[in-house]
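Peer 1: Mind looking at a prediction? Sequence and model below.
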Amino acid sequence: MLRYIALRAALALAVAFTVSLAAFLLLNVAGDPAQAIAGEDATPDVIEAIRDRYGLDRPLPVRYFDWLGGVLQGDFGTSYYWHKPVAELVADRADETITLALSALSVTIIIALPLGALAALNPNSWIDRFALGVAVSAQAVPNFWLGLIMIILFGVMMPIFPVSGDSTWKHFVLPAFVLGASSVPAVMRLTRTGLIEVMGADYIRTARSKGFRGWPLLRRHAMRNALLPVISVLAVQLGQKFGGSVITESIFAINGLGRLALESILGMDIPTVQMLIFVFAIVFVAMNLLADILNAALDPRIRIG
Amino acid sequence: GPSDDTLRAAMSEEILNLDYNYTTKREYIILAQLTDATLFNIDPETQEVLPSIATSYEFFDETTLDVTLRDDVKFHDGSKLTPADVAYTYNWIKDERSESNAAGVVRRWLDTAEVTGENTLRFHLASVYPLVIRDMAARIMIRKDGTYDAGGEVDRDAMAQDLIATGPYKVASFEPGTELVLERNEDYFGEKPAIGTIVVRNIPDIGTQQAEMMSGGLDWMFKVPLDLAQSLGATPLATHLSGNDLRVGFLVLDSHGYTDPEGPLTNVKVRQAINHALNKPEMAEYLIGGSSEAIHTACHPAQFGCDTSVTDYPYDPEKARALLAEAGYEDGFTLPLWAYRDKAAAEAIAADLTAVGIDVDLRYVKLQSLNQARAAREIPAYFGTWGSGGTADTAAIARIHFDMESDRNMSGDQALADEILSAEQTVDQEERKEIYSSALGKIADEALWAPLFTYSANYLVSPELDFPLDPDGLPRLQNSSWK
Amino acid sequence: MSTTDITLTAVEDSETTPLTPGQIFRQRLFGHTGFLIGASIILAIVVVAIFAPLIAPHDPYVQSLSTRMLPPVWSEGGSWEHLLGTDQNGRDYLSRLIYGTRVSITIGIGAATVGLMIGVTLGVMAGYFGGWIDHAISFLLTAQLALPGLLLAMALVFIIGPSIWVVIGIVGVLHWTYYLVVTRAATQRIRNLDFVAAAKASGASSRQIIWHEILPNLASSIIVIFTFELGIAILAESSLSFLGVGIQPPIPSWGLMIAEGKQAMFYRPWLVVLPGICLFLLVIGANLMGDGLRDITSPEGRNE
Amino acid sequence: MSLLDIQNLDVTLALPNGPLKAVRDVTLTLEPGESLGIVGESGSGKSMTALALMRLLPRSATCEAEALRFDGQELRDLGDPAFARQIAGPRIGMIFQEPMTSLNPVYTIGRQMTEATVARGLLSEAEARRKAIDLLDRVGIPDPEGRMNQFPHQMSGGQRQRVMIAMTLMLDPELLIADEPTTALDVTVQAQILDLLDDLRRERGMGLILISHDLAVVAERTDRVAVMYLGEMVEQGTAQEVLYHPQHDYTKALLAAIPRLDGPARVPAQEAAAPEVEKVISATNLCREFHSRKGLFGPKKTVRALDDVSLELRRGETLAVIGESGSGKSTLARILLGLDLPDAGDVRMLGRPVLDLPGAERASLVQPVFQDPYTSLNPRRRLSEIISRPLVLRGEGDSASRLAAVKDAMEKVRLPGRLIHAYPSQLSGGQRQRVAIARALITEPEALICDEPTSALDVSVQAQILELLDDLRAKMGLTCLIITHDMAVVHEIADRVAVMYQGRVVEEGSASAVLDHPSNDYTARLLAAAPRFGATRDLEVVQ
Ligand SMILES: Nc1ncnc2c1ncn2[C@@H]1O[C@H](COP(=O)(O)OP(=O)(O)OP(=O)(O)O)[C@@H](O)[C@H]1O
Ligand SMILES: Nc1ncnc2c1ncn2[C@@H]1O[C@H](COP(=O)(O)OP(=O)(O)OP(=O)(O)O)[C@@H](O)[C@H]1O
Ligand SMILES: [Mg+2]
Ligand SMILES: [Mg+2]
């Protein structure tokens, strides 16, 4: 078990470094950071000064290994824009994103699980069709568009929720809904097929032959089996929400990591982008690991040895 | 709103650093107007030099400038400003270690600044430089002695957050990228602003800003797209103000042939055809709106030295076609046209050029991508804009675009570059004007550019806010008041 | 269940020959409502795309700045000349929406194909060869999932220059993982089946086994994923265009149109709503088709 | 009064391509304490009949009957909740066919065993536990107390099957339906379980319905036998009558097809094989280990699948390799075929190391026939393609000559020519196995290696395939290695036998010698446990 976790952690690090190297190269080919920092009316001497200041005139490998050396000592560098250590910056912004990701996940769970379960228990009924309709529609709605429509509807036409900022829980309602909606189809379908599959399993037939039916059957025999895959998918979805909050955060002006990522990418703030990608990669792999561990904890067939 | 005497302004660009000595963007100039004072001010109406921290100046000789300061200027922390602070600021910015964004400007002319008396100091200039007062007014914010290198340790971010300056407002709280709260500086030496508190919020999405405006959470927005400004301005929720802007839009054409020595753009007829093909007045009227006007010079007509009597190429697609045919391109050619802002205008330009038979491959990219490609000389033509840093002088646009050092110069014309540089060495204003006339005339005749239009600044403000506009296009929030 | 075959040897000469897989497939296809709805939507949109020049009332590229931002016919100030009004450059919105089908469909099909090539190749290799190849490909997969697509898109658009082909390439390169995961698992399963062993025993090489024995068995799941990826690619294109690193103006892409309409969305909501609905319909069509195909190709059908 | 009385039961399944009458007009009665065997080939509707009675039919199925009486009570009048409360469990219990999947994998054995009694309030938690331990002990599970906290995956298939039985018995049903309770079990375990069921029936006067396709088992264990064929009950009567004086043609065919251990032994192909006889394949000192990890976090496990195995296959003979499940038979076959490499030892074909042979040449020497006809054919290819594939791979002939070869091969294995463009899914199991054999024969190899070629097939089909193999061998002089775990099969077709146990060959010799006078303990046990169809006759004599 420990060995396995160590292996996965090593993998996470390898992925994180690879991805941040890729990010570094991509950013450097995509444009000149000094130009980006200087802005539209920058004169050449300003750009030169910036280049000097951040050491951007050094060759790429030198800069990358410099960064790498820093990371190995726990120093992710200083943001070109914010003039503060990137690590501090990321730590500052993380709580908004965590709040958003968790509330989005709750939205997903609240919508997807009951709907999936009801659909599974009444296959081909109207509720099943309705659930399927919800899934298909949620899959087909562009996320950014949903955000804009939500703003039009609830920010302006019926001003119930604030549409920008992150100071109160109310600010998170719409973004969490938009972000959470994107995972509903996957989770709902999985719940539904999982439950249908379990309800058709031989051990459920065994339980029925012992006289179990209805709710006790569901609770005592089906639930746990059907939820196993759902739980691991939820963990993975949570991991994706971190990186996936880019558009949502910028539409709703939430000052989290997603927006930071978008703006750092557009603004070529290389140290920030690199650290964010590093963090996202680790979170992503960690969530996958968490999913495995949860599964192992809940499923006695997977031995922990 | 007036109830809490707080003006809430929104900006899309993130505000991260309050020290204008280390920033460049327009948002920072606006904030610097609020928090900082410079030695002089330039009257936006008349372009006259007005006193500010300095009361007067005098050229001892062509390269020696004596300046007298007020004696009642206080920093936000209550300490009194001395000539030593001013000298320190200038010398620091010039210093190699400063890496200040103003360094380029200052190094151009400053040799050294020295304190000469209780209220006086002397600037030794490195060369003859007629624009020195203008630069002092626009670029260099005065800091306390030792701000950036206290104890020998260089700290360029010393003023980035906890700004100690001399302007009409002081920083009450600052959360970079989120919110800046400014309070009226009761010790300000000049005329004190009418509004007590200004809150500047970062709201990246213009739609969100608008929603906030409509729900009364904002009093002031700028850089508002025309359509939005007009629509929202038509409602009682907000007032649309349209002011001047020194920014001009233009096409820069690779007349030298950096991308292709034999390329169509090296032919003056083709460049003239491009000029004729563009329906500039329509673009100005419908896409930029407000006070925007079509231009035919490589400068803003409001700028000193901007001679508008140069050759004009009015909108005439037939003539454009004819010129193209004359140049041997009756079947047109493919033109990769780069652009980074005002997508609608870029598309309109592309459509106009397409209409006369040029097959435009529009490449709408991020600014830095354009910059990088341009630096690599991979761009045959781009739709550029220039705001001259709010400086109403042709020098502020000519040098950057026609100096041989600059990659923005795609004419490769050494004589033109020399002419433009010589203007900056000329003290006599009439003489300078003539030099610019000649240079601009040449640019127009050769059709090195296709000048397009001036910009207008669109604001949306709360109906309760009185926000006066200045002709130089720089918003000065400190001048606003409640109705 | 050990066997479900009731035509045993004793009755093997009964007249009713069971249906071929193809026949069963077609039969099920035409009995699946969701699939039929989805296919009709897609078909309709494809027809619109093909005949766009005949259907569109105006040239989608011709601008008329003086008549820009006209409202649609049902709003005050709208006219029959421009049914859905005009955009910020005075181009006919309906015509742009109609031509937008071409962009979306080209990109959807193109990108889903690029993803298919990458994903299936890697998936089959990982599943068939296993070992370090499998590990390397898994690593690639994780790295890909962790890398923000926006970044890749920006860089590629810059390096290669923007064009519809570049966008197809980018979206394709960002969307191969689903193919990989499914084909890898399926290949691992099929690899151990006896008919593969039989082919090996007949002297078939790995390449021959992959082409002749494994790929045909992956075909139906690949088609299902392709249909889903079609929708996903279309959405991805619109997101990239929305963020400004996708389709270049003046080409009418729905995502780009939403981005352009965003500024004025409170006063001219149709600028955002209409392209959004087009996207929604197209993607829902693709998804319904995908769902249908999946139900049809999975041996158990949807519920049992 | 009968314990169970079913009149004219119909079960209809709604399949995608039309309704299927899985059970037609079935009429059954059972007295208390009596045991009824239901036989019939796979898919004949045996399980459906039982499931219909328990109301456990799949969703798509509907069931109708004229009467469905249990202990005098008409079950059709009972609503679902009442049925679940009163009948299912305490009155009628059922043991299912699939032991591996019939227990819930995420709960402990103890919980699953006790929950029904506790939930019904029949026993207290502690009493239920005691009873469960007692029953586990009865079904022969060692350390029953410890087992209560184990999960199903921690037990072998046989143990799980026994847990299933014990669990059903927790509620003391009056009628027990056992649907193939012993498939997938070792013959030794099978015997033990059947004994247990017999005991219980005697002790408690419980009625028993034993569903099986194994006539030998039914003959040994039941009072009365019903034969099902294509959903209908074609014959019913005492075991004596039905099995020794069958009336219906199908029953007769079925009985004729059963391989018998005590039938006339076949004449070996080469009596007293001379030592200089050519060796087609010889294997010496083969070892093969597998490393596997159980689950994600499990420790590494090493399995010695082959442990120093030496074997030779002589030209013209039929060698049977027998041994229980997991003893390494298939591994051996794969290595002999060159599909897998041994860790140690070597395999030679006609004296040359198998590794030096190019694929094509090896293919012409030896071809495999696999156990499962459903996975050994590519479902996406037509028969013509499947059968001609080895020729294509060799680059032999043009399409016309290949087609001729395919037709020829199909004829050899007696496949109707009209199937030449059919897909495997359109074929029955027996037909599929013939296709596999045709494919193996098309390159005219010297030897066939058949890995349990009939274990997935019905006895009647099995007989046909075995006969076919025997025939081909006689006609073409094929050398054959047949892997099986069925002694009767060995008896019918093998010249020589090798017995494997835990990766080793524990005994080897001529078929008659090994079967009649096993020298190894394990072989002896294996033989003793094999059900013999003729056994009832002996019983009768004793009575
Ligand atoms: N869930 C199901 N869906 C559709 N058809 C089914 C299902 N279960 C069984 N059948 C069909 O019903 C018929 C009778 O099946 P049943 O399970 O009763 O056979 P059986 O005699 O028990 O066979 P076996 O010996 O293989 O267990 C078969 O043709 C089978 O294909
Ligand atoms: N690929 C593999 N990986 C790991 N273990 C394996 C593998 N193949 C076989 N084994 C193990 O090797 C042992 C022998 O397996 P093999 O398949 O040869 O048995 P068998 O005698 O053919 O059994 P059966 O009668 O069930 O087919 C078993 O314990 C099996 O679990
Ligand atoms: Mg059965
Ligand atoms: Mg085997």
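Peer 2: It's in. Ligands and ions are numbered 1, 2, ... in the order given.
Peer 1: so where's chain A shaky on pLDDT?
Peer 2: Scanning chain A for pLDDT under 70 picks out the ranges A:1, A:156, A:164-166, A:243-244, A:301-305.
Peer 1: same deal with the stretch 251-400 of chain D?
Peer 2: Confidence mapping of the stretch 251-400 of chain D against pLDDT under 70 gives the ranges D:257-277, D:292-299.
Peer 1: got the domain boundaries for chain A?
Peer 2: Under automatic domain parsing, the residue ranges defining each domain of chain A are A:2-72, A:93-303.
Peer 1: Per-residue pLDDT of the residue nearest to the spatial centre of chain C, please?
Peer 2: To find the centre residue of chain C, average its C-alpha atoms and take the closest one (C-alpha atoms, centre = their mean): that gives C:Leu230, at 0.5 Å. Here the pLDDT value assigned to C:Leu230 is 88.
Peer 1: Return the set of residues that bridge with the nearest residue in space to B:Leu180 that is not next to it in sequence.
Peer 2: With sequence-adjacent residues excluded and distances taken as C-beta to C-beta, 6 or more residues apart in numbering or on different chains, B:Leu180 is closest to B:Val200, at 4.3 Å. (Glycine included, C-beta is placed from N, CA and C.) Here B:Val200 sits in beta bridges with B:Ala9, B:Leu180, as judged by DSSP bridges.
Peer 1: For B:Val200, give me its contacts.
Peer 2: For B:Val200, the contacting residues are B:Ala9, B:Ala10, B:Met11, B:Ile15, B:Leu31, B:Glu179, B:Leu180, B:Val181, B:Leu182, by C-beta atoms under 8 Å, 6 or more residues apart in numbering or on different chains.
Peer 1: again, but for B:Gly332
Peer 2: Counting by C-beta under 8 Å, 6+ apart, B:Gly332 has contacts B:Leu324, B:Val356, B:Gly357, B:Ile358, B:Asp359.
Peer 1: what's the answer for B:Leu246, then?
Peer 2: When the contact criterion is C-beta under 8 Å, 6+ apart, the partners of B:Leu246 are B:His300, B:Ala302, B:Gln303, B:Gly387, B:Ser388, B:Gly390, B:Thr391, B:Ala392, B:Thr454, B:Asp472, B:Gly473.
Peer 1: Relative to C:Gln144, how far out is C:Ala233?
Peer 2: Taking C-beta to C-beta, to the nearest Å as the criterion, C:Ala233 is separated from C:Gln144 by 15 Å.
Peer 1: ignore the last one, D:Ile420
Peer 2: D:Ile420 is 46 Å from C:Gln144, where distance means C-beta to C-beta.
Peer 1: Please identify which of those two sits among more neighbours.
Peer 2: Using other C-beta atoms under 10 Å in any protein chain shown as the criterion, D:Ile420 and C:Gln144 rank with C:Gln144 on top: 20 against 15.
Peer 1: mind checking which helix or strand the more buried one is in?
Peer 2: Secondary-structure assignment from DSSP states H and E places C:Gln144 in helix C:131-146.
Peer 1: out of the contacts of B:Gly332, which are buried?
Peer 2: The neighbour-count test (16 or more other C-beta atoms under 10 Å in any protein chain shown) marks B:Leu324, B:Val356, B:Gly357, B:Ile358 as buried among the contacts of B:Gly332.
Peer 1: Which of these fall in strands?
Peer 2: Mapping the buried ones among the contacts of B:Gly332 onto strands (DSSP state E) picks out no residues; all lie outside.
Peer 1: Closest to the centroid, which residue in chain B?
Peer 2: Most central in chain B (C-alpha atoms, centre = their mean) works out to B:Gly389, at 2.4 Å.
Peer 1: isn't that one right up against A:Glu40?
Peer 2: No: in terms of C-beta atoms under 8 Å, B:Gly389 does not count as a neighbour of A:Glu40; the distance is 11.0 Å.
Peer 1: Okay, now the unreliable bits of the stretch 151-300 of chain C?
Peer 2: Looking along the stretch 151-300 of chain C with the criterion set at pLDDT under 70, you get C:158, C:298-300.
Peer 1: rewinding a little: can you redo the buried ones among the contacts of B:Gly332 as JSON lines with distance to chain D?
Peer 2: JSON lines is the format used below for the buried ones among the contacts of B:Gly332 (distance: C-beta to the nearest C-beta, whole Å):
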{"residue": "B:Leu324", "distance to chain D": "60"}
{"residue": "B:Val356", "distance to chain D": "58"}
{"residue": "B:Gly357", "distance to chain D": "55"}
{"residue": "B:Ile358", "distance to chain D": "54"}
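Peer 1: Would you mind checking which of these is nearest to A:Glu88?
Peer 2: Of all the buried ones among the contacts of B:Gly332, the one sitting nearest A:Glu88 is B:Ile358; the distance, using C-beta to C-beta, is 51.3 Å.
Peer 1: Tell me who's in contact with the residue nearest to the centre of chain C.
Peer 2: With contacts defined as C-beta under 8 Å, 6+ apart, the neighbours of C:Leu230 are C:Gly108, C:Ile109, C:Ala112, C:Ala286, C:Gly290.
Peer 1: next one: C:Ser66
Peer 2: Residues counted as contacts of C:Ser66 (C-beta under 8 Å, 6+ apart) are B:Glu282, B:Tyr286, C:Gly90.
Peer 1: which non-adjacent residue is nearest the second one?
Peer 2: If I follow you right, that is B:Tyr286. For B:Tyr286, the closest residue by C-beta to C-beta, 6+ apart turns out to be C:Leu65, at 4.1 Å.
Peer 1: Over to the first one?
Peer 2: Here the nearest residue to B:Glu282 in space, its sequence neighbours aside, is C:Leu65; by C-beta to C-beta, 6+ apart that works out to 4.5 Å.
Peer 1: circling back: now for the residue nearest to B:Tyr286, how many residues are close by?
Peer 2: As a burial measure, the neighbour count of C:Leu65 was computed by other C-beta under 10 Å and equals 22.
Peer 1: I'd say it and C:Gln88 touch.
Peer 2: No: look at C:Leu65 against C:Gln88 with C-beta under 8 Å: they stay out of range, at 9.2 Å.
Peer 1: Pull up the overlap in contacts between those two.
Peer 2: B:Leu287.
Peer 1: Pass me the low-pLDDT residue ranges in chain B, would you?
Peer 2: Along chain B, the model assigns pLDDT under 70 to no residue.
Peer 1: what's whatever residue of it ends up closest to chain A sitting at in phi/psi?
Peer 2: Using C-beta to the nearest C-beta, the point where chain B gets nearest to chain A is B:Gly104, with a distance of 2.6 Å. Backbone geometry at B:Gly104, expressed as degrees, to the nearest 10, gives phi -60, psi -40.
Peer 1: what's the answer for the one 5 residues further on, then?
Peer 2: Backbone torsions for B:Trp109, taken as degrees, to the nearest 10, come to phi -130, psi -20.
Peer 1: do the same with the one 5 residues further on
Peer 2: Here is the backbone geometry of B:Glu114 (degrees, to the nearest 10): phi -130, psi 150.
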